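Trainee: next input, structure requested:
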Amino acid sequence: MTPQRTIGDAVNLSAPAVQRRIKRMREEGVIQADVSIIEPQAVGQSITIFVEVEVISETAEQIEQAKSEFAAAAEIQQCYYVTGEADFILVIIVPSMTRRLFFGNNNVKRFRTFVAMDRVKVGLGVPVG
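Mentor: Alright, predicted model coming up:
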């Protein structure tokens, strides 16, 4: 939302040069999206849950299926395929507790949940430079 002229002044470039660079960064995938951050409680999504998921079968096909299912679930804000005891770490934002994602999935061996008591720091910023 920062005007390109303001960005240009900060980095010593003209607004058109800033526009070209931003366009190129979008085309190259450096900038993936421009988003608005919504306060979950303001829209009735007051519970943040972190979930470790361990699957039964780790075949490539089963892992890809799990990735697709988790990616398609609207309440899953973030999903990571990880190393270690768990296979996936999920960040879920919901209005109330849910088990639907795990009990209906035949490939889920076990899951462990952690309910956030307070949102201390939340962001998707990536430090550069």
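Trainee: which one is the most centrally placed residue in the chain nearest to, not counting chain neighbours?
Mentor: By CA atoms, centre = their mean, the chain has its centre lying nearest to Gln78, at 3.2 Å. Spatially, and ignoring its direct neighbours in sequence, Gln78 is nearest to Val91 (4.0 Å; CB to CB, 6 or more residues apart in numbering). To be clear about C-beta, it is placed using only N, CA and C from the backbone, and glycine gets the same treatment.
Trainee: mind checking how far that neighbour is from Val35?
Mentor: 16 Å (CB to CB, to the nearest Å).
Trainee: could you check which of these two is surrounded by more residues?
Mentor: The neighbour count for Val91 versus Val35, taken as other CB atoms under 10 Å, is higher for Val91 (16 against 7).
Trainee: so Phe50 is in which element?
Mentor: strand 47-55 (DSSP states H and E).
Trainee: if you could redo that for Pro16, that was the one I meant.
Mentor: helix 15-27.
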